[in-house]
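Peer 1: Build me a model from this:
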Amino acid sequence: MELSSLELSKIITCLNNEFNEETGKYYLNNTYQVFNNSFLFKFNHSLKDKKFLIVNPKIGIWTSEFDLKNKTAEGYVQSLRKNLTRGKIVKLEQPNGERICIITFETKKGIRKLICEFFREGNLVVVDQNNKILSCLNQLNVRHRNIIPGGKYKLPPEHRKNILNLQYEDILQIPQSNIEIAKWIGRNYSISKKYVEEILHLSNINNDILCSSLSQKQIDSLYKELKSFIKIGNSNNMNVWVYYEKNNISDISIIKLHANEQQECKKIDSIIQALDKNITPELLKKEQKIGQEPLNNKIMKLEQTIKLQGNAKNEQKKKAELLRQIAEDLGNSTKIKTVFSKRKIEIISPKEGFFSVPIIDPKLSMPIKTTAIKLSSITYSRAKQIEKKIEKIEKAELKLQNQLDKLKKKTSQQNVDEIKLKVKDKPLWFERYRWFLTSQKTLVIGGRDAHSNNAIIQKHVQENDAIFHADIIGSPFFILREENKDQSLSYSEVAWATASFSRAWRTQTPVSVYWVKPDQVKKSATSGTYLPKGSFMIIGKKNMIKKIKLEIAVGVIKIQDRYTLMSGPLDAIKSNCIAFVVLKPGKIKASDIAKKIKQEIISMLENQTAKIYQAKSIDEFIKALPAGGAEIIRKEKGDINQNKYN
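Peer 2: Residues are numbered from 1 along each chain as shown. Next comes the predicted model:
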């Protein structure tokens with residue numbers, strides 16, 4: 001299945017709406033290759049949930065709600081990371097009617113564009129602000145354009161007009177042509193064949209009628225249906241019809257198609273949702289099928305070998321049984337020839353004075369004077385040899401069968417796992433900020449950066465709250481909600497968190513923290529001064545809490561039916577968590593210390609809870625840490641018993 005330029009236009013409109021945030025731009029956190037030939041772009045935002053963008057060069061582009069497993073980071077992924085990581089997404093656009101999506105990024109090196117081409121074999125091309133090609137998935141060298149690193153990117157030649165720009169004067173040219181009307185529309189305008197056929201059907205015009213044969217009434221009817229179609233194409237209506245064949249998606253359309261009436265059809269509110277719910281699982285199944293091919297080939301070869309061995313064993317059994325019967329007959333007779341003659345068994349004379357019985361042993365020559373009793377003994381011995389050979393075949397057959405059973409069990413397990421495609425875990429609203437529950441069960445939130453500092457003060461502060469800040473440049477704001485109870489302990493804990501999540505952690509220097517009331521925080525600077533984003537003027541008395549110790553704990557908590565990580569002051573973490581580790585500033589970088597924290601935490605959890613945290617990414621653990629290195633002081637069980645949640 002491939003998307004037309006009109007469907008791509010709808011997708012790009014949806015994606016621009018998704019990524020256009022007044023609170024700041026999404027930035028590219030990382031890139032992976034998934035489903036063998038698709039690319040997963042992970043976008044983060046300081047205040048919003050992360051987004052997963054999938055680009056499949058042969059199909060299209062869409063965001064995904066699924067928790068996709070990270071795959072390889074080899075080949076072209078490395079180039080994408082080098083050019084685009086940390087870049088802020090500015091806009092997505094579609095060149096005039098083309099099956100191309102251009103994603104513009106702001107990076108430290110300037111503007112970068114990711115050009116996604118969804119025709120022929122598909123391609124991804126990264127260019128700079130001057131359209132110089134920095135990298136490409138597939139190089140191209142054809143008459144009208146070249147795609148090679150270092151060259152200048154050019155769009156494909158425009159052979160057809162954008163159907164969305166059609167005017168009445170354009171269709172007045174139809175009678176001048178002598179080709180079929182369906183071909184005329186398809187050759188002159190960028191519109192999929194399925195839409196051409198549907199529009200002609202609604203206009204009561206046969207696909208094969210010559211343009212020169214159309215009446216004015218038919219042309220007017222055609223124009224009317226075209227304008228209705230264009231109106232849908234230009235509208236903000238993102239509904240689509242999804243068609244299925246044998247439970248697999250066969251087509252997506254922005255209008256209902258009479259040609260597909262025999263197929264199962266579903267109307268879905270969003271084209272992005274339609275792609276994600278149908279194409280993403282389908283790509284996963286194809287990937288798993290490809291992944292199982294080597295295993296299936298091994299199974300097939302083993303089954304063939306076992307079958308051949310079974311046939312050989314049966315032949316040998318028949319032969320051993322016949323030899324025993326012959327041996328018995330020879331033991332009851334004095335005449336060898338009579339026994340063999342009755343059973344029509346061949347006797348040959350390889351040389352004078354000797355004879356041989358091929359069925360007994362083709363290599364064995366016996367003297368003519370050999371008695372029936374002697375030959376009976378030889379035949380019994382030969383039968384026993386064959387029976388021993390059968391035992392070896394059976395042992396080998398059993399060994400092969402065990403291998404086959406293991407492989408089949410493995411494929412069976414893969415079939416069970418294949419399809420547990422899970423929807424991404426959606427964080428709780430406060431998890432976009434620094435947060436923790438105090439030991440008195442009060443929710444505290446703090447900023448992660450300038451954007452979230454700004455959002456906290458402007459959106460979440462209430463009249464009687466206490467606002468905390470470290471006495472240092474580079475500190476988060478933390479808010480303690482004022483409640484009708486003694487919160488002296490909470491004040492101490494919030495001060496501890498504010499100090500530990502400030503720049504003081506990186507410099508490993510104890511720092512003082514102060515708190516003020518909301519009316520002391522001013523959002524604008526005094527005349528002649530400037531306040532950077534995320535900064536505020538503090539007026540009046542500051543309530544100082546001096547020289548706070550730099551130390552935090554990271555623990556396991558279940559909150560609102562969701563297992564997550566909580567980081568903050570030791571007493572708060574201990575009283576609310578199942579298990580935790582205590583950290584101090586150190587030289588171990590965040591990614592390494594996060595891995596150690598994950599290991600230590602999992603080691604303290606029971607089986608089911610351990611599996612939940614085993615599945616969490618290292619990024620989630622990094623997100624819980626202060627900026628800068630750290631060291632683990634110790635690990636402990638918290639005051640919350642795991643069985644409480646089981």
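Peer 1: drop to CA atoms for contacts and neighbour counts, all remaining ones
Peer 2: OK.
Peer 1: Check whether residue 563 really touches residue 555, as I assumed.
Peer 2: No. Using CA atoms under 8 Å as the test, residue 563 is too far from residue 555 to be in contact (10.6 Å).
Peer 1: who has more neighbours, the two?
Peer 2: The residue with more neighbours, out of residue 563 and residue 555, is residue 555; 28 against 14, by other CA atoms under 10 Å.
Peer 1: Helices of the stretch 401-550 of the chain, residue ranges please.
Peer 2: Using DSSP state H, counting those that start in this stretch, the helices found in the stretch 401-550 of the chain span residues 450-455, 488-500, 504-507.
Peer 1: Kindly export the last one (C-alpha atoms) in PDB.
Peer 2: This means helix 504-507. Coordinates of each C-alpha in helix 504-507 appear next as PDB, following Å, rounded to 0.1, in the frame of the first residue of the first chain:
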ATOM      1  CA  ALA A 504      25.600  23.300  42.800                       C
ATOM      2  CA  TRP A 505      25.300  19.500  42.200                       C
ATOM      3  CA  ARG A 506      27.700  19.800  39.200                       C
ATOM      4  CA  THR A 507      30.100  22.000  41.100                       C
END
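Peer 1: list the helices and strands the longest helix seen in the chain packs on?
Peer 2: Counting by DSSP state H, the longest helix found in the chain is helix 271-331. On a contact count with 3 or more CA pairs under 8 Å, 6 or more residues apart in numbering; DSSP states H and E, helix 271-331 meets helix 5-19, strand 60-64, strand 240-245, strand 248-253, helix 336-342, helix 372-417.
Peer 1: and the second one, what other elements does it pack with?
Peer 2: Taking 3+ CA pairs under 8 Å, 6+ apart as the contact definition, the neighbouring helices and strands of strand 60-64 are helix 5-19, strand 51-56, helix 271-331.
Peer 1: Mean pLDDT and mean neighbour count for these - can I get that in CSV?
Peer 2: Output for the helices and strands packed on strand 60-64, formatted as CSV (pLDDT from 0 to 100; neighbours: other CA atoms under 10 Å):
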stretch, mean pLDDT, mean neighbour count
helix 5-19, 93, 20
strand 51-56, 95, 21
helix 271-331, 83, 17
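Peer 1: Can you lay out those as JSON lines showing distance to residue 568?
Peer 2: JSON lines is the format used below for the helices and strands packed on strand 60-64 (distance: least, CA to CA, whole Å):
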{"stretch": "helix 5-19", "distance to residue 568": "31"}
{"stretch": "strand 51-56", "distance to residue 568": "27"}
{"stretch": "helix 271-331", "distance to residue 568": "37"}
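Peer 1: do you know which of those lies nearest residue 624?
Peer 2: Closest approach to residue 624 among the helices and strands packed on strand 60-64 (CA to CA): strand 51-56, 19.2 Å.
Peer 1: Pull the residues that contact that closest one.
Peer 2: 37-44, 61-65, 116 (CA atoms under 8 Å, 6 or more residues apart in numbering).
Peer 1: from those, which is closest to residue 148?
Peer 2: For the contacts of strand 51-56, the nearest to residue 148 is residue 116 (15.0 Å; CA to CA).
Peer 1: The closest one and residue 127 touch, don't they?
Peer 2: No. Using CA under 8 Å, residue 116 is not in contact with residue 127, being 11.2 Å away.
Peer 1: what bridges to the residue lying closest to residue 27 once chain neighbours are set aside?
Peer 2: Nearest in space to residue 27, with sequence neighbours left out and distances taken as CA to CA, 6 or more residues apart in numbering, is residue 88 at 4.1 Å. For residue 88, the beta-bridge partners are residue 27, residue 106 (DSSP bridges).
Peer 1: re earlier: between strand 60-64 and the longest helix of the chain, find me the angle.
Peer 2: Inter-element angle recorded for helix 271-331 and strand 60-64: 90 degrees (by axes from the mean of the first three to the mean of the last three CA atoms, to 10 degrees).
Peer 1: Distance from stretch 125-137 to the middle of the chain?
Peer 2: Mean-position distance between stretch 125-137 and its chain equals 26 Å (CA atoms, centre = their mean, to the nearest Å).
Peer 1: I meant to write stretch 169-183 there.
Peer 2: Centroid displacement of stretch 169-183 relative to its chain, using CA atoms, centre = their mean, is 46 Å.
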